[in-house]
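**Q** here is my input; please provide its structure:
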Amino acid sequence: MALGNGQTVIQASAGLTEYETTKVPDGTPLRVVRLQKRLRTGYHKKVSVQDCERALRERDRLLRQSVSVSWTADDGMTFEPWNVSLSAYPYWVQPLWDKGPFSFEIQEGLIASYIQTGFPSGITPPHDAVLQSTREQYGVVRVTADSVAEPGHVIDAQLASGLIRTALLSSQSGLILPVTATPGKIINNTGMDLGPLTLLATGRSNFAGSGNGRIFNVRKGLRDMIDGILIPPGGEFSFNKAVHDMKEPGWEQAFAIMNGKDLVNVPGGGICQVATTVYRAALNTGLPVIERANHSLFVTYYTKYGIGIDATIYPKHQDLVFVNDTPQYILFQAYSKDFEAFVNVYGQSDGRQVTLEGPYFQSTSAQAGEGIFSPAIHSNEIGWVHRVRYADGRDLLNTIRSRYSSIPSSIKKQYATIDNVKMESLPGSLMSMLMD
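**A** Residues are numbered from 1 along each chain as shown. Next up is the predicted model:
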C-alpha cells in the first residue's frame, strides 16, 4: 500500500518471512520488485532496487544478443548454421553477485552442458555398440551386438562454449567452430578376449537405383551374413562360407550375371554388392587377398567409392577370400543407410598404412610409374595401385586390374586425363566412411 512518505510497501502474507517485506520507491516496475523479493527469499541476498534495475537492463540487453555459428568439419562434411539467440536459451543467463555488484551473466558451463547433452540440430554424435555374446554359424564365428557402431561428429564443448559466450558478449554476428569426425566405439561384453577393437578401415558402396528385390538382398546380406563376423588372427575369411547357401528361403529374386553375359533373375541377386563392399573393406585394411574376381560386365552400381574395385561371387565356383594377418581378432560390422552399404573393420592396429591410387585407364596407365602395369592396361580394363607400408618398414605393392567385356565410352571420357587419378590413405582416416 502507499504511505505518505512516498514509499510503497509490499505487505507480507501469512507465513512469509521478514525478508519478504521491504520498502521500494513509488513507480518501481513490478518485475524489479519481484526480482528483489526472489533474491531475498530464495537466495537470502539483500540487493538494492537500483542494482536490481541495472541488472535487469543488462539482462534485457543480453537476451537480445545472437550469433550465427557455422561449422568446419575435418572430414569435409557440411552442416546447417546454428542460430544461437539468448532469447531461445534464456536459462544460460543467470544471476551473479560474487564478483562485485549484483548482475546477470552468460554462464559458459550451461552452454557446454547443452552442447554435450543436446547437440545442435543436424550434428549427430557417434553411436557405440555393445557386443553381448558369440556363436558359431556355418563354421563362422559371429558376435551378437545390441547395434552397430556408427560414426558421428564431436564438438569440443569447452572450446565452443567459451567462444560462443565471447561472441555474444561482444555482439559478434558470426562464428566458425571446429567439428571432429569420430568413429563409434565397440564395447566388448562377451567375456571373450578380442583385443582392442578400434576402427581400422571401412568399405563402402552405393546401390541406389536397384530394384526392390536387389535392395532387399543387399540389406539382408549385410545384416544377416556379414555383420558380426569374427576372424581370428591368422584366420581366413571366405565370402561363400559366410553366406552359406543362397538357395535357402528368405532371399528375393533379382538379376545376376550368368555365363559372363546373361542377366538372369535368381534368388539373392545383388549379393555381389555385399561382396564388393567387403572387398573394399579388406583392401582398405591392408589384408592379403587370396582370391577375387571382378564382374564380367561393367556394373554402374560399383562406380561410386572405387570404380573398378568390385568383387563377384558364385557359390562353389567363385569366392572372395582374404586372411587376417593382424595380431588380434578382426570384427566386421555391416549395415546400410538409405542406399549406402558399409562394412567397418575393427581390430588392433599394427601400424600399417594403406594407400589406393587410381583409377587408371588405358590413356593414363603410364602415369602410374614405369613397369607398374605390365603389360599395359587394355581398353576394357581399369587399374589401381594398392600399397601397404608396415610398421617395420616393409613395403608391399599390388596392382588391381579389372577386365570387363567393355567399358562405357562415357566412363572412359570422364577418366581420360590423369587429373582424375587420386591417392587416398585409408586406415587411420574416416574419409571413406563419412564422405558423400
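
**Q** wait, Phe102 touches Lys46, no?
**A** No. Using Cβ atoms under 8 Å, Phe102 is not in contact with Lys46; the gap is 9.7 Å. The C-beta positions use only the backbone N, C-alpha and C, and glycine is treated the same way.

**Q** overlap in contacts of these two?
**A** Residues within reach of Phe102 and of Lys46 at once, by Cβ atoms under 8 Å, 6 or more residues apart in numbering, are Leu39.

**Q** what about these two, which has more around it?
**A** Set side by side, Phe102 and Lys46 show more neighbours around Phe102, with 21 against 12, by other Cβ atoms under 10 Å.

**Q** distance check, that one against Thr326.
**A** Per Cβ to Cβ, to the nearest Å, Phe102 is found 62 Å from Thr326.

**Q** repeat that for Asp156.
**A** Taking Cβ to Cβ, one finds Asp156 at 32 Å from Thr326.

**Q** more neighbours: these two, which one.
**A** Between Asp156 and Thr326, counted using other Cβ under 10 Å, Thr326 has the larger neighbour count: 21 against 15.

**Q** how about low-confidence regions in the chain?
**A** 1-27, 259-262, 268, 418-436 (pLDDT under 70).

**Q** can you give me the domain boundaries for it?
**A** By the assignment in automatic domain parsing, the chain contains the domains 1-46, 193-434.

**Q** out of these, deepest packed?
**A** Highest mean neighbour count of the domains of the chain: domain 193-434, a mean of 18 (counted as mean count of other Cβ atoms under 10 Å).

**Q** where do the helices of this structure begin and end?
**A** For the chain, applying DSSP state H gives helices covering 30-43, 49-63, 108-117, 157-169, 212-220, 239-243, 271-285, 409-414, 431-434.

**Q** would you put the C-alpha positions of the first one in PDB?
**A** Presented in PDB, the C-alpha positions along helix 30-43 are these (Å, rounded to 0.1, in the frame of the first residue of the first chain):
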ATOM      1  CA  LEU A  30       6.700  -4.800 -10.700                       C
ATOM      2  CA  ARG A  31       9.400  -7.000 -12.200                       C
ATOM      3  CA  VAL A  32      12.100  -5.200 -10.200                       C
ATOM      4  CA  VAL A  33      10.000  -5.700  -7.100                       C
ATOM      5  CA  ARG A  34       9.600  -9.400  -7.900                       C
ATOM      6  CA  LEU A  35      13.300  -9.800  -8.500                       C
ATOM      7  CA  GLN A  36      14.300  -8.200  -5.300                       C
ATOM      8  CA  LYS A  37      11.800 -10.400  -3.400                       C
ATOM      9  CA  ARG A  38      13.100 -13.500  -5.100                       C
ATOM     10  CA  LEU A  39      16.700 -12.700  -4.300                       C
ATOM     11  CA  ARG A  40      15.800 -12.200  -0.600                       C
ATOM     12  CA  THR A  41      13.600 -15.300  -0.200                       C
ATOM     13  CA  GLY A  42      15.300 -17.700  -2.500                       C
ATOM     14  CA  TYR A  43      19.000 -16.700  -2.100                       C
END
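
**Q** quick one, that helix and helix 49-63 angle?
**A** Interaxial angle of helix 30-43 relative to helix 49-63 (axes from the mean of the first three to the mean of the last three Cα atoms, to 10 degrees): 100 degrees.

**Q** same list (the domains of the chain) but as a markdown table, adding distance to Leu63.
**A** Formatted as a markdown table, the domains of the chain follow (distance: least, Cβ to Cβ, whole Å):
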| stretch | distance to Leu63 |
| --- | --- |
| domain 1-46 | 13 |
| domain 193-434 | 37 |
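
**Q** Leu56: which of those domains is closest?
**A** Closest approach to Leu56 among the domains of the chain (Cβ to Cβ): domain 1-46, 6.4 Å.

**Q** chain center to stretch 86-106: distance?
**A** Stretch 86-106 has its C-alpha centroid displaced from the chain centroid by 36 Å (Cα atoms, centre = their mean, to the nearest Å).
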